[in-house]
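>>> this one's sequence-less:
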């Protein structure tokens, strides 16, 4: 989501074998890895992903759709390398009531009015 409220499309991480670019594998960035500096080589910038819901799979591969409260967005980071950009969902520990689904959870943040 852009500061003026617009939206732009960016490739989500490096999620498939053979994806081009010098980016980390996957599509997620744990908050502790960001804070420890592991993402510095990719010049991370915080971005927001507007969404109404997101999906996580449990250990049996079952999909669970979670609805975001009104005014919330998914925190992500924009990674850059040689003019190419990728977006990674920032993850945190799962809330206790949902730990049976997955051990990581998107970081949800309130949008500014």
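Sure, I can see it. Just so it is clear, the model here is predicted, and its values are computed rather than measured. Residues are numbered from 1 along each chain as shown.
>>> what comes up buried for stretch 24-33?
24, 27, 28, 29, 30 (16 or more other C-beta atoms under 10 Å). Glycine gets a C-beta too; all of them are placed from N, C-alpha and C.
>>> which stretches of this structure have low pLDDT?
For the chain, residues meeting the criterion pLDDT under 70 lie at 1-5, 20-21, 113.
>>> who's the most centrally placed residue in it bridged to?
By C-alpha atoms, centre = their mean, the chain has its centre lying nearest to residue 89, at 0.7 Å. For residue 89, the beta-bridge partners under DSSP bridges are residue 28, residue 76.
>>> and it, how far is that from residue 108?
Counting by C-beta to C-beta, to the nearest Å, the separation of residue 89 from residue 108 is 11 Å.
>>> and if you look at residue 44?
18 Å.
>>> Over to residue 49?
10 Å.
>>> Which residues are in contact with each of these two?
73, 74, 75 (C-beta atoms under 8 Å, 6 or more residues apart in numbering).
>>> so what's the closest residue to residue 72 other than its chain neighbours bridging to?
Of all residues not flanking residue 72 in the chain, residue 108 sits nearest, at 5.0 Å (C-beta to C-beta, 6 or more residues apart in numbering). Using DSSP bridges, the bridge partners assigned to residue 108 are residue 74.
>>> Isn't the residue nearest to the centre of the chain up against residue 106?
Yes. The pair residue 89 and residue 106 qualifies as a contact (C-beta atoms under 8 Å) at a distance of 5.2 Å.
>>> Spell out which residues are contacts of both of these two.
74, 75.
>>> can you give me the strands for this structure?
28-30, 45-49, 53-57, 63-67, 72-81, 84-92, 105-106, 108-110 (DSSP state E).
>>> Which residue, other than its chain neighbours, is closest to residue 23?
In space, residue 23 is closest to residue 14, 4.3 Å off (C-beta to C-beta, 6+ apart).
>>> got it, and residue 69?
Of all residues not flanking residue 69 in the chain, residue 108 sits nearest, at 8.0 Å (C-beta to C-beta, 6+ apart).
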